[in-house]
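**Q** take a look and give me a structure for this.
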Amino acid sequence: MHHTIADALIVMALIAGFLGYQYLKQREKQRRLDIIHAERLAAIDKGIPLPEVPIDPPPSAWRRPPDPKTPLAIGIVLTAFGAGAMLMLAIVAQGQPFWAVPLPVAMMGLGLILFYRLSLPSAPSDSATRHGG
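**A** Here you go, the predicted model:
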């Protein structure tokens, strides 16, 4: 296998793009640190006490918590799609067992709906009323 100058140019362009991205990311981080430093110096000059701040927030601070209703929504869509496809195949291919082909999709949807229902936090119950005492 022989490498050509075009292959070398492609590799060099990829490396240059990666290094350029890293440089710009580092420059943005340094600019942000300079702004924070200037704000802190101005606050110190005015006599305002400042708590220590982390330089970079943890990655979990940028993420939203997962939506607990997502399995329900996907389950409803899969169940409706599977049931509709089974109905369509039962009508179009009468006398053929093709209606059962989308059955796994509908079962996955029902499974997700059941998972959502079972994963709901249970309401706190009063043990006195539960046991009659």
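**Q** quick one: the residue nearest to the spatial centre of the chain from Tyr116, how far?
**A** The C-alpha lying nearest the average C-alpha coordinate of the chain belongs to Pro66 (Cα atoms, centre = their mean; 6.9 Å). From Pro66 across to Tyr116, the span is 13 Å (Cβ to Cβ, to the nearest Å). In this view, the C-beta of every residue, glycine as well, is placed from N, C-alpha and C.
**Q** what of Ala6?
**A** 54 Å.
**Q** which one's more surrounded, the two?
**A** Tyr116 (18 against 8; other Cβ atoms under 10 Å).
**Q** show me where this protein has helices.
**A** With DSSP state H as the criterion, the chain has helices at 5-45, 70-92, 103-119, 127-130.
**Q** which of these sits closest to Trp62?
**A** Closest of these to Trp62 is helix 5-45, at 14.4 Å (criterion: Cβ to Cβ).
**Q** sketch out the low-pLDDT regions of the chain for me.
**A** Low-confidence segments of the chain (pLDDT under 70): 53-61, 123-133.
**Q** and with 50 instead?
**A** Low-confidence segments of the chain (pLDDT under 50): 133.
**Q** count of neighbours near Gly75?
**A** By other Cβ under 10 Å, neighbour count at Gly75 equals 20.
**Q** how near is the spatially closest residue to it that is not a sequence neighbour to Gln94?
**A** The shortest distance from Gly75 to any non-neighbouring residue, by Cβ to Cβ, 6 or more residues apart in numbering, is to Leu112 (3.1 Å). When distance is defined by Cβ to Cβ, Leu112 is 31 Å away from Gln94.
**Q** equivalent analysis for Leu78, please.
**A** Distance of Leu78 to Gln94, given as Cβ to Cβ: 25 Å.
**Q** neighbour count: these two, which is higher?
**A** Higher neighbour count among Leu78 and Gln94: Leu78, with 21 against 9, using other Cβ under 10 Å.
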